[in-house]
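Visitor: Generate a structure from the sequence data that follows.
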Amino acid sequence: MHQGRLFEILYVLVEKRHVTARELAERFEVSARTIYRDIDALSSAGIPVYTQKGQGGGIHLMDGFVLDRTLLSTQEKGEILLGLQTLAVGHALEDDRTLRRMAALFRCDAADWLDVDFAQWGDGEEQRAAFCCVKQAILDRHILSFRYYGSNGTCTYRRVEPMRLRFKGGNWYVHAYCLQRQAFRLFRLSRMEDTRAQAATFVPRPGLPAMLETPDTQPPSMVHLCLRFDAAAAYRVRDTFHPRCVVSLPDGTLQVETDFPEDGWVLGFLLSFGPQVQIIAPTHIRRQVQNMVDEMQRRHQSGHRVSSLHGYPQEKSREEQMMNREKFCQCCGMPLRQEADCGREADGRVNTDYCRYCFANGAFVQPEMTMEEMIAWNLDFNEKNGRPFGPPEQARAQMEAWFPTLKRWRKS
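Guide: From the prediction side, this is the model:
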């Protein structure tokens with residue numbers, strides 16, 4: 001406490017230039033005699049501090065004293081203040097007291113030119129709390145525990161020895177020794193939940209890798225992508241890719257060649273551009289994206305749970321449907337566009353008359369259901385899903401007219 005009080009006294013003197021022993025004694029909750037002993041210690045250390053009696057007296061710091069005696073240049077002092085300000089806006093400092101004190105000691109103002117928020121939109125407070133927890137665990141050498149969601153979708157409980165925080169690619173990572181894996185790992189802060197500092201402490205292990213690029217998964221293989229983006233996506237392309245990867249074409253489109261990890265993330269990333277991107281190469285990535293688009297279409301069209309059921313056909317007779325080779329489930333009316341939509345016989349063969357929701361393992365899933373019950377089920381679905389078949393009266397009329405023509409309900 002003695003050394004800390006000496007620094008505090010020096011800070012007060014630099015800021016105010018003179019103060020009374022009584023003021024300092026009240027501030028630090030010590031006696032005036034203790035304050036005078038501290039002043040003697042500062043004077044013995046070469047700090048030009050002196051006392052003066054009478055009116056206007058007290059403890060003074062000689063005019064013109066700054067920390068130039070430390071041989072710091074103006075540029076070096078500015079760089080120190082800049083570093084402290086960067087830590088402050090990045091929430092690595094609890095508050096800006098350290099910055100203000102150093103600025104006062106240097107007798108200069110810190111340039112207020114930087115404002116950074118490393119948190120994602122909408123989760124600022126939670127991520128800042130996690131950041132502070134990790135930071136303190138690193139400084140105090142406490143074991144850190146948390147639930148972690150890996151890129152493969154699994155959730156595991158981890159206990160780690162945190163070594164450093166790292167900001168890369170727009171995200172915070174925790175560089176730590178994982179006690180479960182018995183190896184150094186890189187954990188993405190946004191995937192950590194229920195982050196807690198344990199009472200147990202640790203001794204830093206030797207051999208911390210200087211640059212650990214791979215998060216807590218096996219290194220993914222890389223794929224070389226050739227992409228073409230519409231001009232309307234230029235802002236995202238410029239935000240995402242290095243300029244040397246981007247070529248502007250005469251028609252206004254942008255061609256990008258880059259290497260990405262070949263995993264589920266890259267597919268989601270490409271889909272986020274919607275119709276504004278065309279995958280030139282490789283063909284297997286283009287095929288995977290197309291399969292995902294097809295699956296999304298099946299899930300977002302009306303129908304059985306997440307099936308492909310459209311509105312019931314209007315203004316077409318059964319004969320016209322057959323001529324157009326439109327196939328529908330002969331129980332519920334769901335379109336049968338591909339083999340995966342169809343039901344199965346007991347021996348695994350495809351049944352092309354019924355959908356997989358109505359027919360499985362060689363039998364109807366609900367053998368006792370009547371046509372009226374099926375219509376009622378579909379009307380309930382219609383109401384719960386935004387009326388894709390129209391108002392209730394219209395939907396009922398369509399179903400009552402069409403369902404008797406389906407194989408299951410057709411009267412022999």
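
Visitor: What mean pLDDT does stretch 359-373 get?
Guide: Throughout stretch 359-373, pLDDT has a mean value of 90.

Visitor: same question but for stretch 241-255, I mixed them up
Guide: On average, the pLDDT along stretch 241-255 is 89.

Visitor: helix or strand right after whichever strand or helix holds residue 376?
Guide: Using DSSP states H and E, residue 376 sits in helix 371-384. Following helix 371-384 in sequence order, the next helix or strand is helix 392-402 (DSSP H and E).

Visitor: what's the angle from that following helix to helix 371-384?
Guide: Here helix 392-402 points in a direction 150 degrees away from that of helix 371-384 (axes from the mean of the first three to the mean of the last three Cα atoms, to 10 degrees).

Visitor: longest strand anywhere in the protein?
Guide: strand 155-168 (DSSP state E).

Visitor: Summarise which helices and strands the next helix or strand after that strand is packed against.
Guide: Next along the chain after strand 155-168, taking DSSP H and E as the criterion, comes strand 171-178. Secondary-structure packing of strand 171-178 (3 or more Cβ pairs under 8 Å, 6 or more residues apart in numbering; DSSP states H and E): helix 124-140, strand 155-168, strand 183-188. To be clear about C-beta, it is placed using only N, CA and C from the backbone, and glycine gets the same treatment.

Visitor: now the strands for the stretch 251-400 of the chain?
Guide: 254-261, 277-281, 342-344, 350-355, 359-360, 363-364 (DSSP state E, counting those that start in this stretch).

Visitor: Just send the ones you listed back as TSV, with mean neighbour count and distance to residue 133 too.
Guide: Listed next are the strands of the stretch 251-400 of the chain as TSV, based on neighbours: other Cβ atoms under 10 Å; distance: least, Cβ to Cβ, whole Å:
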stretch	mean neighbour count	distance to residue 133
strand 254-261	16	29
strand 277-281	16	39
strand 342-344	20	52
strand 350-355	19	51
strand 359-360	19	50
strand 363-364	12	56
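
Visitor: In CSV: those strands, plus distance to residue 243.
Guide: Formatted as CSV, the strands of the stretch 251-400 of the chain follow (distance: least, Cβ to Cβ, whole Å):
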stretch, distance to residue 243
strand 254-261, 11
strand 277-281, 18
strand 342-344, 50
strand 350-355, 51
strand 359-360, 55
strand 363-364, 61
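
Visitor: I'd like to know which elements the helix holding residue 376 is packed against.
Guide: Counting contacts by 3+ Cβ pairs under 8 Å, 6+ apart, helix 371-384 packs against helix 392-402.

Visitor: What is the helix it packs on packed up against?
Guide: Under the contact definition 3+ Cβ pairs under 8 Å, 6+ apart, helix 392-402 sits against helix 371-384.

Visitor: which parts of the helix it packs on are buried?
Guide: For helix 371-384, a neighbour-count test (16 or more other Cβ atoms under 10 Å) marks 371, 374, 375, 378, 379, 381, 382 as buried.

Visitor: Contacts for that helix next, please.
Guide: For helix 371-384, contacts defined as Cβ atoms under 8 Å, 6 or more residues apart in numbering pick out 302, 331-333, 388-390, 392, 395-396, 399-400, 403-404, 408-409.

Visitor: if we can go back for a sec, to residue 244, which of the helices and strands packed on strand 171-178 lies closest?
Guide: strand 155-168 (19.2 Å; Cβ to Cβ).

Visitor: re the thing from before, looking at the strands of the stretch 251-400 of the chain, which is nearest to residue 172?
Guide: Among the strands of the stretch 251-400 of the chain, strand 254-261 comes nearest to residue 172, with 19.1 Å by Cβ to Cβ.

Visitor: What is that closest one packed up against?
Guide: Other helices and strands packing on strand 254-261, by 3+ Cβ pairs under 8 Å, 6+ apart, are strand 222-229, helix 234-240, strand 246-248.

Visitor: Show the model's pLDDT score for the closest residue to residue 232 other than its chain neighbours.
Guide: Nearest residue to residue 232, sequence neighbours excluded (Cβ to Cβ, 6 or more residues apart in numbering): residue 276, at 6.0 Å. Residue 276 is assigned 92 on the pLDDT scale.

Visitor: Tell me who's in contact with residue 276.
Guide: 229, 230, 232, 233.

Visitor: Please repeat the previous calculation with a cut-off of 10 Å.
Guide: 228, 229, 230, 231, 232, 233, 234, 236, 237, 253 (Cβ atoms under 10 Å, 6 or more residues apart in numbering).

Visitor: With distance to residue 30 and neighbour count added, can I get the residues you listed in a markdown table?
Guide: What follows is these, written out as a markdown table (distance: Cβ to Cβ, whole Å; neighbours: other Cβ atoms under 10 Å):
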| residue | distance to residue 30 | neighbour count |
| --- | --- | --- |
| 228 | 73 | 16 |
| 229 | 68 | 21 |
| 230 | 71 | 17 |
| 231 | 71 | 13 |
| 232 | 69 | 11 |
| 233 | 66 | 18 |
| 234 | 65 | 16 |
| 236 | 61 | 14 |
| 237 | 64 | 22 |
| 253 | 73 | 18 |
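
Visitor: and of those residues, the nearest to residue 140?
Guide: Each of those was checked against residue 140 using Cβ to Cβ; the closest is residue 236, at 41.1 Å.

Visitor: In contact with the closest one, which residues?
Guide: Residues in contact with residue 236 (Cβ under 10 Å, 6+ apart) are 229, 272, 273, 276, 277.

Visitor: how about a cut-off of 7 Å?
Guide: Residues in contact with residue 236 (Cβ atoms under 7 Å, 6 or more residues apart in numbering): none are found.

Visitor: cool, residue 332 as well?
Guide: Contacts here follow Cβ under 7 Å, 6+ apart; on that basis residue 332 touches 304, 355, 357, 358, 374, 378.

Visitor: Residue ranges in the stretch 51-200 of the chain under the pLDDT threshold?
Guide: Applying pLDDT under 70 to the stretch 51-200 of the chain picks out residues 56, 63-125, 151-153, 169-170.
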